[in-house]
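Colleague: Compute the structure for the input listed below.
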Amino acid sequence: MNNRIIIALDVDDFQKARLLVDHLHDATLFKVGLQAFLKFGNELIGYLREKDKKVFLDLKFKDIPNTVYGAVKSSLKYSPHFLTIHLSGGADMIKKALEAASSEPGLTILGVTILTSLTNNDLIETGINLPTDIAVLQLCELGLKNGLNAFVCSPLEIEPIKDRFGKDIILVTPGIRPLWSARGDQKRVFTPQMAIEKGSDYLVIGRPITQNANPAEAFQKILKEIEN
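Modeller: Have a look, this model is predicted:
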């Protein structure tokens, strides 16, 4: 299970990020998002590579197809294991992202569906008159039609996606909160055990681990919660 938990390094201090990597020696996958990437991305990714960790580069690209092609190409220098794009960028953008990534067989492009912080009302305010669960399924179908088979979704959509599109689809789920942690700004959440039982392939967990007084202990506590 330690290979299926992604540690979200959403911190604003390089030394703190470095200490987290050092303490979490049993974790293998670390997510570098916009905050950390823009502040000290080169140093952090270099340190992760030095420690033989896998990098989930979570930059959520969404732009015109040629711009996303160039962005994915530029990202290859970091040798990411995962790289995110917004499925709402459309079919041509998805194709260009996959084309740019085709020279790196170890890279998986993840299609982001609907952010876990968004509710049905939030979608309506942005002009999307669909419930979140239906919007997620439509975006996954768009991704599959254009060559993707790995997606980011909330835990609530794990079962509907796998029931409709098959068990071979890779699902990465943020919005994971152990029983003993606060929800924060996540609105569509599951416990780690619930997400695994429903069929999630990878769990993204940040604050319950990274803001804990003892991150390694919190990580082990989550592993035991799942195993039990």
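
Colleague: Counting by contacts, list what the longest helix that the chain contains packs against.
Modeller: Secondary structure of the chain read by DSSP state H shows that its longest helix is helix 34-50. Under the contact definition 3 or more CB pairs under 8 Å, 6 or more residues apart in numbering; DSSP states H and E, helix 34-50 sits against helix 14-23, strand 29-33, strand 54-61. To be clear about C-beta, it is placed using only N, CA and C from the backbone, and glycine gets the same treatment.

Colleague: out of these, nearest to residue 226?
Modeller: strand 29-33 (15.3 Å; CB to CB).

Colleague: strand partners of that closest one, parallel vs antiparallel please.
Modeller: Partners of strand 29-33 in the sheet, by DSSP bridges, are strand 5-8 (parallel), strand 54-61 (parallel).

Colleague: got any ranges where this structure has weak pLDDT?
Modeller: Scanning the chain for pLDDT under 70 picks out the ranges 181-188.

Colleague: Helices of that one, start to end?
Modeller: In the chain, helices defined by DSSP H lie at 14-23, 34-50, 65-75, 91-101, 120-125, 132-145, 158-165, 192-198, 207-210, 215-227, listed in chain order.

Colleague: closest one to residue 177 among these?
Modeller: Of all these, the one in closest proximity to residue 177, counting by CB to CB, is helix 207-210 (6.3 Å).

Colleague: Please enumerate residues in contact with that closest one?
Modeller: For helix 207-210, contacts defined as CB atoms under 8 Å, 6 or more residues apart in numbering pick out 7-11, 20, 24, 176-178, 180-182, 184, 215, 218-219, 222.

Colleague: Repeat that for stretch 145-163.
Modeller: Contacts of stretch 145-163 (CB under 8 Å, 6+ apart): 82, 84, 87, 91, 94-95, 98, 108-114, 116, 132-133, 136-137, 139-140, 143, 168-176, 188-190, 194-195, 198-200.

Colleague: so who does the closest residue to residue 205 other than its chain neighbours touch?
Modeller: Using CB to CB, 6 or more residues apart in numbering and skipping residues adjacent in sequence, the residue nearest residue 205 is residue 176, 5.0 Å away. By CB under 8 Å, 6+ apart, the contact list for residue 176 reads 155, 189-192, 195, 203-205, 208.

Colleague: TSV for the helices and strands packed on helix 34-50, including distance to residue 73 and mean neighbour count?
Modeller: Putting these into TSV (distance: least, CB to CB, whole Å; neighbours: other CB atoms under 10 Å) gives the following:
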stretch	distance to residue 73	mean neighbour count
helix 14-23	26	16
strand 29-33	18	22
strand 54-61	11	21
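
Colleague: Serialize those to a markdown table and add fields for distance to residue 1.
Modeller: Converted to a markdown table, those look like this (distance: least, CB to CB, whole Å):
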| stretch | distance to residue 1 |
| --- | --- |
| helix 14-23 | 18 |
| strand 29-33 | 12 |
| strand 54-61 | 15 |
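
Colleague: Drop anything exposed from the contacts of stretch 145-163.
Modeller: For these, a burial check counting by 16 or more other CB atoms under 10 Å picks out 82, 84, 87, 94-95, 98, 108-114, 116, 132-133, 136-137, 139-140, 143, 169, 171-176, 188-190, 194-195, 198-200.

Colleague: what sits against residue 189?
Modeller: 116, 154-155, 175-177, 183.

Colleague: which one of those is nearest residue 226?
Modeller: When the contacts of residue 189 are compared for distance to residue 226 (CB to CB), residue 176 comes out closest, at 10.3 Å.

Colleague: So in terms of bridging, what pairs with that closest one?
Modeller: residue 190.

Colleague: Give me the distance between it and residue 158.
Modeller: In this structure, residue 176 lies at 11 Å from residue 158, with CB to CB, to the nearest Å as the measure.
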